[in-house]
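1. this one's sequence-less:
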Ligand SMILES: [Zn+2]
Ligand SMILES: [Zn+2]
Ligand SMILES: [Zn+2]
């Protein structure tokens with residue numbers, strides 16, 4: 001680890017600092033997981049070795065619980081699964097994800113000792129568990145997990161003291177990293193990455209962390225590259241600067257971010273953006289038309305109304321009533337758009353969900369308009385290299401392409417590509433998808449400028465073949481990747 005060093009960060013405890021200069025998109029470090037598990041709810045839909053979503057998975061013949069893409073993935077995952085497999089068989093059923101992760105970590109510790117890779121900078125013993133900070137109710141659930149863990153842990157495995165066991169479960173509770181599918185669109189599991197736990201939070205961070213699944217397509221397990229996280233620089237970082245990532249979405253108001261950070265990660269954020277409430281005024285502001293602003297009362301009324309409708313819209317979406325989603329949000333936006341700023345966060349949430357649902361219903365023109373409003377709002381709020389902004393621009397680019405608005409579509413795709421080159425890197429599967437899309441839209445744009453008739457008939461044909469099947473059914477997006485660290489439910 002020549003790029004970073006552990007240091008005492010003023011007011012924050014330990015942290016990591018850069019030991020040399022970095023530029024946007026540099027990988028500061030990469031780190032394999034100590035262990036990771038698939039969520040209970042997705043256990044038969046996600047491969048337990050490579051964490052890809054697959055239509056058809058094969059069951060482990062022994063425990064009937066673990067699922068894999070194929071023999072290659074099963075073989076690659078065997079070292080992690082071997083003891084778990086027999087424990088599940090003996091126990092009669094698989095315990096919940098927290099317990100499975102705790103057990104995988106302890107087996108790993110027993111096998112490899114507390115330094116598991118040559119890049120690891122801290123031992124698991126050294127990580128914070130925040131058990132003393134946990135509220136009474138959470139502690140109760142926590143103890144139930146420990147109790148069930150002790151039932152599950154085989155007698156033939158090494159027995160750990162109750163303090164050590166509590167510590168590992170405490171570490172998972174505050175540091176369990178959300179593992180996404182290969183496209184980074186859905187949260188599918190949770191894992192532990194010790195070095196990452198050392199990176200402190202800032203609401204306006206200088207780094208981002210991305211999961212890279214590596215290459216598991218090689219037939220021989222030997223050539224598989226490991227699942228790893230990458231800490232990537234979002235801009236210029238000087239040697240000696242503290243490295244930070246954001247644990248929460250910046251689209252929350254300062255007060256909401258502070259509350260989340262306090263209850264989930266047990267600290268008070270003192271970053272510049274919190275101290276000065278930066279951009280809070282935009283997030284709840286009124287729309288200025290020709291120098292005239294709505295009154296505070298009008299803004300408050302529209303805000304409350306939008307909040308109320310948002311809850312209704314969410315409910316309709318979860319129930320799969322997509323036409324209802326469209327109706328609720330259109331009615332709401334008709335009233336609020338003349339009053340609320342184009343950066344108002346409730347309106348942004350509406351445009352986001354509405355455009356997603358409209359694209360799914362193939363109402364491409366409306367979907368494109370609303371997705372563009374979303375991206376334009378995001379651009380005024382987010383850091384220019386924020387990954388969520390990049391993903392939103394990508395979605396909007398595809399939607400514009402589907403609507404036949406090739407110029408805006410190509411522009412959005414290019415914007416997304418520039419951001420994802422920084423946040424994900426050129427080797428990430430989603431960046432490769434974007435690269436292909438960028439070439440396609442560029443070619444179409446050229447054709448469009450030469451001959452619009454040929455362009456339109458070609459696009460019709462392309463739409464029928466659906467080369468860009470990016471759109472999932474919206475309800476699958478309910479657990480998007482919003483939080484860096486996974487919270488117990
Ligand atoms: Zn797999
Ligand atoms: Zn098994
Ligand atoms: Zn902050």
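-> Nice, I can see it. No experiment lies behind these values; they were computed from the predicted model shown. Numbers count the residues shown, from 1 in each chain. Ligands and ions are numbered 1, 2, ... in the order given.
2. my guess is residue 261 contacts residue 201. True?
-> Yes: under the criterion of C-beta atoms under 8 Å, residue 261 makes contact with residue 201 at 6.6 Å. No exception for glycine: its C-beta is placed from N, CA and C like everyone else's.
3. hey, what's in contact with both of the two?
-> With contacts defined as C-beta atoms under 8 Å, 6 or more residues apart in numbering, the residues shared by residue 261 and residue 201 are 247-248, 267, 269.
4. which two among those residues are spaced furthest apart?
-> 248 and 267 (11.9 Å; C-beta to C-beta).
5. which one of those two has more residues nearby?
-> residue 248 (21 against 17; other C-beta atoms under 10 Å).
6. okay, the more buried one: pLDDT?
-> For residue 248, the pLDDT comes out at 93.
7. likewise for the one 4 residues further on?
-> Among the per-residue scores, residue 252 holds a pLDDT of 95.
8. number of nearby residues for residue 450?
-> By the criterion of other C-beta under 10 Å, residue 450 has 9 neighbours.
9. then residue 55?
-> By other C-beta under 10 Å, 5 other residues sit near residue 55.
10. now the closest residue to residue 125 other than its chain neighbours. Its backbone dihedrals?
-> Spatially, and ignoring its direct neighbours in sequence, residue 125 is nearest to residue 114 (6.2 Å; C-beta to C-beta, 6 or more residues apart in numbering). Phi and psi for residue 114, reported as degrees, to the nearest 10, are phi -80, psi -10.
11. how near is residue 114 to ligand 3?
-> Look at residue 114 and ligand 3: by C-beta to the ion, to the nearest Å, they are 32 Å apart.
12. same question for residue 269.
-> Distance from residue 269 to ligand 3, by C-beta to the ion: 3 Å.
13. which stretch of helix or strand covers the residue nearest to that residue when sequence neighbours are not counted?
-> Once flanking residues are discounted, residue 269 sits nearest to residue 261: 5.1 Å by C-beta to C-beta, 6+ apart. Assigned by DSSP states H and E, residue 261 belongs to helix 254-265.
14. now do the helices in the stretch 301-450 of the chain.
-> Here the stretch 301-450 of the chain has its helices, by DSSP state H, counting those that start in this stretch, at 322-336, 345-360, 364-381, 387-402, 406-423, 429-450.
15. helix or strand: which one has residue 148?
-> Counting by DSSP H and E, residue 148 is part of helix 136-152.
16. scratch that, residue 20
-> Here residue 20 is assigned to no helix or strand, by DSSP H and E.
17. tell me how far it lies from residue 151.
-> 49 Å (C-beta to C-beta, to the nearest Å).
18. these two: which is more packed in?
-> Using other C-beta under 10 Å, the more surrounded residue of residue 20 and residue 151 is residue 20, with 13 against 10.
19. skipping adjacent residues, who's closest to the more buried one in space?
-> residue 239 (4.8 Å).
20. again with residue 71
-> residue 58 (7.8 Å).
21. would you agree the one you found is in contact with residue 66?
-> No: counting by C-beta under 8 Å, residue 66 is not a contact partner of residue 58; they are 9.5 Å apart.
22. touching both of the two, which residues are there?
-> Joint contacts of residue 58 and residue 66 (C-beta under 8 Å, 6+ apart) are residue 74.
23. and ligand 1, which of the helices of the stretch 301-450 of the chain is closest to it?
-> helix 429-450 (13.5 Å; C-beta to the ion).
24. against which helices or strands is the closest one packed?
-> Here helix 429-450 touches helix 387-402, helix 406-423, helix 452-465, going by 3 or more C-beta pairs under 8 Å, 6 or more residues apart in numbering; DSSP states H and E.
25. could those go into TSV alongside mean neighbour count, mean pLDDT and distance to residue 140?
-> Formatted as TSV, these follow (neighbours: other C-beta atoms under 10 Å; pLDDT from 0 to 100; distance: least, C-beta to C-beta, whole Å):
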stretch	mean neighbour count	mean pLDDT	distance to residue 140
helix 387-402	25	94	34
helix 406-423	22	96	38
helix 452-465	12	75	54
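26. between residue 58 and residue 66, tell me which one has more neighbours.
-> residue 66 (27 against 15).
27. my guess is that one meets residue 47, correct?
-> No: look at residue 66 against residue 47 with C-beta under 8 Å: they stay out of range, at 9.1 Å.
28. identify the residues contacting the closest residue to ligand 2 within the stretch 301-450 of the chain.
-> When scored by C-beta to the ion, the stretch 301-450 of the chain has residue 429 as its residue closest to ligand 2, at 27.2 Å. Applying C-beta under 8 Å, 6+ apart, we find residue 429 in contact with 182-183, 213.
29. for it, give its distance to ligand 3.
-> Distance from residue 429 to ligand 3, by C-beta to the ion: 32 Å.
30. touching ligand 2 at all, stretch 101-115?
-> No: counting by C-beta under 5 Å from the ion, ligand 2 is not contacted by stretch 101-115; separation bottoms out at 12.7 Å.
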